[in-house]
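Q: Build the 3D model from these lines:
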Amino acid sequence: MLTLYEHPFALYCQKVLIALDELGVEYDILEEQRDFDRAELAELWPPASIPVLRDGDQIIGETSIIIEHVAGSRLVPTLEARLWDRLCDQYVSDAVQAVVFDTIEQRFDERAIAKAHGQMDMAYGMLEAQLSRYEFVAGDAFTIADCAAAPGLFYALAIHPWDEATHPHLTRYYRALAQRPSFAKVIANARPLRHLFPLPWPDDFDRYH
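A: You can find the predicted model right below:
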């Protein structure tokens, strides 16, 4: 049995949860603060970062490695999927987290915030071009790249939304993602925890969900 150490509101945990539900595999959940703390997690995985997967005697960290361990070629079929997984993590999800952490830590670093917004804008442009050719980020099938894109875009939509008029393909894609059962489940499970988010939610935020 697989056991995932996670928190339902954590962006990178959501990435793995989407993948597990897409695969239809059985797994158990251990939730941070309810079932374990970071000190306990560090005994299994010294970086103490979440998510972490236990598969029998194996302890696996890092989202993309976890997904490839469980899914293999089913969600990681090509180098293109690996590429877009990395791009979505680095230029959407990491940029989102930079803004969130700046707010939580009250740094108010305008240069860092501007850099993060610029990275998101660049990613939106790249995704728009890619999605003008394909249904999904890395081609015509759902892959690890879409597992990465979905939660990153969810939080990005709250922090630094893309212009829907100039990004119709990205908007079409996100609208479809929002209705996909694996992603919809993640959003529903995290909804009661939205008070943890340090920035205001836009009034029309749930228009796709």
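
Q: quick one, longest helix in this protein?
A: When the chain is parsed with DSSP state H, its longest helix is helix 110-131.

Q: tell me which residues in that one are buried?
A: Within helix 110-131, the residues scored as buried using 16 or more other Cβ atoms under 10 Å are 113, 116-117, 119-120, 123-124, 126-128, 130-131. For the C-beta atoms, the positions are set from N, CA and C on the backbone; glycine is no exception.

Q: same question, stretch 162-172
A: In terms of neighbour count (16+ other Cβ under 10 Å), stretch 162-172 has its buried residues at 162, 167, 169-171.

Q: Quick one: end-to-end length of it, please.
A: End-to-end span of stretch 162-172 (Cα to Cα, to the nearest Å): 12 Å.

Q: try stretch 64-82
A: Using Cα to Cα, the end-to-end distance of stretch 64-82 comes out at 9 Å.

Q: Tell me the buried residues in it?
A: Buried, per 16+ other Cβ under 10 Å, within stretch 64-82: 64, 66-68, 70-71, 74-77, 81-82.

Q: quick one: contacts of it?
A: Residues outside stretch 64-82 that contact it (Cβ atoms under 8 Å, 6 or more residues apart in numbering): 2, 15-16, 19-20, 22-23, 25, 51-53, 55, 58, 60, 85-86, 89, 138-139, 141-145, 147-148.

Q: next one: that stretch to chain centre, how far?
A: Centroid displacement of stretch 64-82 relative to its chain, using Cα atoms, centre = their mean, to the nearest Å, is 15 Å.

Q: same check, this time on stretch 202-209
A: A distance of 18 Å separates the centroid of the chain from that of stretch 202-209, by Cα atoms, centre = their mean.

Q: rewinding a little: give me the helices and strands touching the longest helix of the chain, please.
A: Packing contacts for helix 110-131, counted by 3 or more Cβ pairs under 8 Å, 6 or more residues apart in numbering; DSSP states H and E, involve helix 79-88, helix 94-104, helix 144-159, helix 168-178.

Q: ok, 6 Å please
A: The contact analysis (3 or more Cβ pairs under 6 Å, 6 or more residues apart in numbering; DSSP states H and E) places helix 110-131 against helix 94-104, helix 168-178.

Q: which residues does residue 47 contact?
A: Contacts for residue 47 (Cβ atoms under 6 Å, 6 or more residues apart in numbering) come out as none.

Q: should've said residue 57
A: Shown in contact with residue 57 (Cβ under 6 Å, 6+ apart): no residues.
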